[in-house]
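Q: sequence first, then the predicted structure, then my questions.
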Amino acid sequence: MRVTFAFPHGTAFAPDPSERIKGVRAVMSTSGMPEATAVAPDERVRRFVARAYGIRTLGLALGALMVGVVLYRNGAPVSVWGLMVAHGFLWPHAARLLSGRSIEPARTERNNLMVDAAMGGVWVALMQFNLLPSFALIAMFGMNLIAVGGPPLLVRGAALQAAGCIVAAVAGGLAFAPHTSLAEMLATLPLLTVLPLTLSVIMHRLARRVQRQNHLLVQLSSIDGLSGLLNRRHWEEAIAAALACHRQHGRQATMLLIDIDHFKHINDQYGHTVGDEVVRRVGTMIRTSLRDGDLAGRYGGDEFGVVLADTDPHTAEMVAERIRSGVACTLFDRAPGLRCTLSIGIARSDTGTGDVREWIRRADAALYRAKLAGRNCFSGAV
């Protein structure tokens with residue numbers, strides 16, 4: 001019956017791998033960009049204890065079936081049956097209370113596992129070393145210990161298991177009946193099938209959750225926290241891939257290089273808090289003006305880059321004007337008198353565009369012409 005704790009403890013009882021990301025979960029904000037939010041410790045504990053309780057209860061029920069058949073054949077005394085009932089049907093609830101009330105549920109579950117280790121040895125001896133049930137307990141227990149804490153925990157658990165086995169064997173008169181009957185084999189099958197399948201489903205779900213969260217964490221690492229757009233490195237990598245793709249398929253793309261006019265003056269006059277708000281508003285305006293497949297990034301402190309996929313010059317100018325006019329009409333609560341404007345340079349990719357650096361250089365030259373033209377406008381060689 002002991003194995004039913006052990007095997008699940010190494011998987012579903014162990015802390016959710018997705019909760020090891022320092023208490024941070026990646027989620028999607030209403031703007032469509034990923035952001036980080038703290039995972040409440042109480043919620044992590046609740047999920048952890050509930051998962052441990054469910055699997056432990058299932059495992060002990062399956063283990064009780066197997067051990068009970070062996071005990072019945074051996075004519076076990078009432079005291080042993082009472083121990084089996086206490087271990088199989090009362091211990092899961094006690095373990096849940098211990099873990100649920102602990103400030104360190106993972107540590108408490110490890111302690112519970114040590115109790116399970118000792119009881120595992122006890123049941124091997126009380127089953128008089130019945131071959132198949134005993135090896136089923138030992139094998140699953142070893143898998144569990146390695147999954148939870150690796151070889152060091154396996155050594156500790158094995159020592160406790162051996163100690164429990166010796167004590168119970170001496171107390172029981174060193175009875176030895178290794179033969180496994182057909183009924184005992186059949187009683188062992190649910191433990192060897194239902195429990196591993198259940199744990200596999202749980203681990204699959206945990207793996208999927210970790211995969212999703214890792215994907216979102218990668219996104220978080222690639223996104224500028226203030227504007228909500230790609231940071232410079234990831235934007236340049238993305239547009240390099242886009243440029244290669246467009247040239248391979250003979251399609252054109254257009255780059256917009258956007259600069260906030262007099263951004264230093266905004267910071268100096270209104271403060272950096274307002275400057276940050278300007279960056280956020282510009283980032284939001286850019287995102288809402290683009291289509292799926294377009295690439296937008298924060299290129300510098302007050303510069304942004306956009307690549308419009310499969311876009312002709314006229315459409316590019318329409319997008320540039322939409323962004324420019326949208327920002328020009330934006331009001332700022334902390335700076336009622338502020339009117340923010342943009343200068344935008346436009347450069348189309350063509351067969352003569354050697355690489356990303358050349359493309360950016362052409363867009364930057366167009367941006368410079370927009371600034372010479374008085375700012376708050378767009379210019380380009382499209």
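A: Noted; the coordinates are in hand.

Q: and the chain, what are its domain boundaries?
A: Recorded structural domains for the chain (assignment: automatic domain parsing) are 3-222, 232-381.

Q: would you mind checking which of these scores lowest on average pLDDT?
A: Comparing mean pLDDT over the domains of the chain, the weakest stretch is domain 3-222, at a mean of 79.

Q: count the neighbours of Arg291 for me.
A: Residues lying near Arg291 (other CB atoms under 10 Å) number 10. Placement of C-beta: from N, CA and C, glycine included.

Q: looking at this, it is in a helix?
A: No: Arg291 sits outside any helix when classified using DSSP: H, G, I helix; E, B strand; the rest coil, being coil.

Q: please enumerate the strands of this protein.
A: For the chain, applying DSSP state E gives strands covering 24-28, 34-38, 253-260, 295-298, 303-309, 342-348, 378-381.

Q: would you list those in TSV and tack on mean neighbour count?
A: Putting these into TSV (neighbours: other CB atoms under 10 Å) gives the following:
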stretch	mean neighbour count
strand 24-28	15
strand 34-38	14
strand 253-260	26
strand 295-298	24
strand 303-309	24
strand 342-348	25
strand 378-381	20
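
Q: out of the ones you listed, the one nearest Ser79 is which?
A: Across the strands of the chain, Ser79 has its closest neighbour in strand 24-28 (49.0 Å, CB to CB).

Q: leaving out sequence neighbours, find the closest residue to Ile266.
A: For Ile266, ignoring the flanking residues on the chain, the nearest one in space by CB to CB, 6 or more residues apart in numbering is Gly275 at 5.5 Å.

Q: look up how far His262 lies from that neighbour.
A: Computed as CB to CB, to the nearest Å, the Gly275 to His262 distance reads 11 Å.

Q: out of the two, which sits in the more crowded spot?
A: The neighbour comparison of Gly275 against His262 (other CB under 10 Å) goes to Gly275, with 22 against 15.

Q: wait, the more buried one touches Asp268, no?
A: No: the criterion here is CB atoms under 8 Å, and Gly275 misses it with Asp268 at 9.1 Å.

Q: burial of the closest residue to Ala309 other than its chain neighbours, as a residue count?
A: Taking CB to CB, 6+ apart as the measure, Ala309 lies nearest to Gly293, with 4.6 Å between them; neighbours along the chain are not counted. A total of 11 residues lie near Gly293 under the criterion other CB under 10 Å.

Q: and the gap between Gly293 and Arg362?
A: Plainly put, Gly293 is 22 Å away from Arg362 if you go by CB to CB.

Q: do Leu189 as well
A: Looking at Leu189 against Arg362, where the rule is CB to CB, the gap reads 71 Å.

Q: before we move on, what about Asp350?
A: From Asp350 to Arg362 the distance is 10 Å (CB to CB).

Q: same check on Gly173?
A: In this structure, Gly173 and Arg362 are 92 Å apart, going by CB to CB.

Q: who has more neighbours, those two?
A: Here Gly173 and Arg362 are set side by side on neighbour count (other CB under 10 Å), and the busier one is Arg362, at 23 against 8.

Q: hang on, isn't the more buried one packed against Ile346?
A: No: with contact defined as CB under 8 Å, Arg362 does not count as touching Ile346 (9.3 Å).

Q: backbone dihedrals for Gly75, please?
A: Note on Gly75: its backbone torsions stand at phi 70, psi 50 [degrees, to the nearest 10].

Q: how many residues are close by it?
A: Taking other CB under 10 Å as the criterion, the count of residues near Gly75 is 7.

Q: contacts only, for the closest residue to Arg251 other than its chain neighbours.
A: What sits nearest to Arg251 in space, not counting adjacent residues and going by CB to CB, 6+ apart, is Asp310, at 5.4 Å. Contact partners of Asp310, counting by CB atoms under 8 Å, 6 or more residues apart in numbering, are His246, Arg251, Gln252, Ala253, Gly293.

Q: alright, that wraps it up for me.
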